[in-house]
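> show me how the following folds:
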Amino acid sequence: MTQINAYLGFNGNCREAMTFYKECLGGELSLQTIGGSPMENQFPVESRKNILHASLINAGLVLLGSDMAGSGGVVKGNSISLSLSCSTEKEIKTFFEKLSFGGIIVHPLHEFFAGTMGTVTDKYGKDWLLYYEKKIIE
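This next block holds a predicted model:
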């Protein structure tokens, strides 16, 4: 099932903030640091403690976050993106193409861990993170 969720950007305090949200909202918190990820060697050693991806899940509530704010850091206006979890590869390609029309492709669709990911800023200035997790058939 396709879902849309808030994706919060932080300036190095994602772990602290997401832990606070867990205390407030309950649920299961998952934190992936840059260190230990397949992207580890692409970043300076001092940034490897930062959170690459966080998810807080409590039934239907899904809150996502990251310290990956880019070179300009988080400023009011770019601290929340829309995260679109797609249900098929065709769906992510269709949504990505349509959302990028008249906008800016920030990161083209690419393989990322166990799926496909891409980032686009639409023609209205809204940031979208699209992700499709490939199902492993055993």
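> I'd like to know how far residue 65 sits from residue 104.
23 Å (Cβ to Cβ, to the nearest Å). Yep, even glycine has a C-beta here, placed from its N, CA and C like the rest.
> these two: who's more crowded?
Neighbours were counted for residue 65 and for residue 104 using other Cβ atoms under 10 Å; residue 65 has more, 26 against 12.
> quick one: contacts for that one?
7, 8, 9, 10, 14, 17, 18, 51, 53, 54, 55, 56 (Cβ atoms under 8 Å, 6 or more residues apart in numbering).
> tell me which residues in the helix or strand containing it are buried?
Residue 65 is located in strand 61-66, with elements delineated by DSSP states H and E. Neighbour-count burial for strand 61-66, counted by 16 or more other Cβ atoms under 10 Å, picks out 62, 63, 64, 65, 66.
> how far away from the center of its chain is the helix or strand just after that strand?
Proceeding N to C from strand 61-66, the next assigned helix or strand is strand 80-86, under DSSP H and E. How far strand 80-86 lies from its chain's middle: 7 Å, per Cα atoms, centre = their mean, to the nearest Å.
> list the pairing partners of strand 80-86 within its sheet, with orientation.
strand 3-9 (antiparallel), strand 127-133 (parallel) (DSSP bridges).
> distance from the following helix or strand past the first one to the middle of the chain?
In the C-terminal direction, the helix or strand that comes right after strand 3-9 (DSSP H and E) is helix 14-25. Remark: helix 14-25 is offset 16 Å from the chain centroid, using Cα atoms, centre = their mean.
> list the buried residues in helix 14-25.
14, 15, 17, 18, 21, 22.
> domain ranges for the chain?
The chain breaks down by automatic domain parsing into domains covering 1-78, 81-138.
> returning to what we had before: let me know the closest of the buried residues of strand 61-66 to residue 87.
For those, the closest approach to residue 87 (Cβ to Cβ) belongs to residue 62, at 14.6 Å.
> buried ones in the lowest-mean-pLDDT helix or strand in the chain?
Scoring the helices and strands of the chain by mean pLDDT, DSSP states H and E places strand 80-86 at the bottom, with a mean of 85. Counting neighbours by 16+ other Cβ under 10 Å, one finds that the buried residues in strand 80-86 are 81, 83, 84, 85, 86.
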